[in-house]
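J.: quick one: sequence plus predicted model below, questions after.
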Amino acid sequence: MQRPHALLLDFDGLLADYEHRIHLRQLADAAGRAPEQVDAVLRTDGLEFAHARGELDGEQLLQALNQRLGSELIAAHWHAARLAATRLRSDCMAVLERVHSDVQVSVLTNNGLLTQPVIEQLLGTRRVLCSAALGVRKPDPAAYLAACAALGCAPERSLFVDHLFRNVQGAREAGLQADTAFHAQSLRRLLKRNHCLG
């Protein structure tokens with residue numbers, strides 16, 4: 001088995017733990033509204049998914065939220081709320097430090113452009129590919145093909161890792177090598193099996 005040229009990793013659920021309720025509470029505090037009101041607008045009106053698909057950019061999402069909530073939320077409020085709700089898994093990040101230097105390591109996540117800077121801040125130099133920028137979400141096979149094109153890497157020489165099997169299935173349909181991992185131990189085993197670790 002040849003070593004992959006590119007390693008694409010899920011973020012929430014693999015490299016980090018995310019608490020949506022904390023994100024909602026922080027946004028609600030900034031908006032002067034109840035978390036249930038913010039949740040209703042994001043989910044019921046479909047704003048969150050539209051943002052993750054790239055149909056609404058950050059300013060458009062905030063404008064829609066503010067119109068519906070009568071609030072004055074800005075990007076800094078979203079960033080602070082997402083940061084408070086996200087805890088990086090240091091043990092998984094330690095595994096990535098052992099990946100061979102000739103393997104391009106990136107994150108592929110179903111998130112909107114407002115969240116991308118937060119993930120980039122947490123990951124440092126790692127490249128972050130968001131569904132909003134690609135215009136398509138996992139597990140659609142087109143998402144993985146778009147990610148490979150952005151990285152300049154052939155799908156068959158790319159390894160995708162996610163904690164959700166449906167996302168792994170989508171990657172396999174797109175022609176990528178793909179498998180599940182749930183924590184540092186399973187990630188380490190998978191990367192070792194694929195000759196990615198030094």
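T.: Sure thing, it's come through. Numbering: from 1, shown residues only.
J.: same for the helix or strand bottoming out on mean pLDDT in the chain, what does it pack against?
T.: Ranked by mean pLDDT, DSSP states H and E, the weakest helix or strand in the chain is helix 47-52, scoring a mean of 91. Packing partners of helix 47-52 (3 or more C-beta pairs under 8 Å, 6 or more residues apart in numbering; DSSP states H and E): helix 58-69, helix 131-134. Where you see a C-beta, it was placed from the backbone N, CA and C, and this is true even at glycine.
J.: deepest of these, which one?
T.: Burial of the helices and strands packed on helix 47-52 is given as mean neighbour count (mean count of other C-beta atoms under 10 Å); helix 131-134 ranks first at a mean of 22.
J.: tell me how far that one is from the chain's mean position?
T.: 10 Å (C-alpha atoms, centre = their mean, to the nearest Å).
J.: with stretch 155-162 instead?
T.: The answer for stretch 155-162 is 15 Å, by C-alpha atoms, centre = their mean.
J.: and the pLDDT for the nearest residue to Val41 once chain neighbours are set aside?
T.: Excluding its sequence neighbours, the residue lying closest to Val41 (C-beta to C-beta, 6 or more residues apart in numbering) is Arg68, at 4.7 Å. Per-residue confidence (pLDDT) for Arg68: 93.
J.: export the least confident helix or strand of the chain as CSV, just CAs?
T.: Output in CSV follows, covering the C-alpha atoms of helix 47-52 (Å, rounded to 0.1, in the frame of the first residue of the first chain):
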residue,chain,number,x,y,z
LEU,A,47,-30.1,29.6,8.3
GLU,A,48,-27.4,27.4,9.8
PHE,A,49,-27.5,24.8,6.9
ALA,A,50,-27.7,27.6,4.3
HIS,A,51,-24.5,29.1,5.8
ALA,A,52,-22.8,25.7,5.9
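J.: got the contact list for it?
T.: 41-42, 56-58, 60-61, 64-65, 110-114, 130-132, 137 (C-beta atoms under 8 Å, 6 or more residues apart in numbering).
J.: so where do the helices sit in the chain?
T.: Assigned by DSSP state H, the helices in the chain fall at 20-31, 35-39, 47-52, 58-69, 75-84, 90-96, 116-123, 131-134, 141-151, 165-173, 184-193.
J.: list the buried residues in the least confident helix or strand of the chain.
T.: Neighbour-count burial for helix 47-52 flags 47-52 (criterion: 16 or more other C-beta atoms under 10 Å).
J.: so, low pLDDT: which residues of this protein?
T.: 1 (pLDDT under 70).
J.: any chance of JSON lines for the helices and strands packed on helix 47-52, columns distance to Leu7?
T.: Formatted as JSON lines, the helices and strands packed on helix 47-52 follow (distance: least, C-beta to C-beta, whole Å):
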{"stretch": "helix 58-69", "distance to Leu7": "28"}
{"stretch": "helix 131-134", "distance to Leu7": "17"}
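J.: chain center to the least confident helix or strand of the chain: distance?
T.: With C-alpha atoms, centre = their mean, you get 13 Å for helix 47-52.
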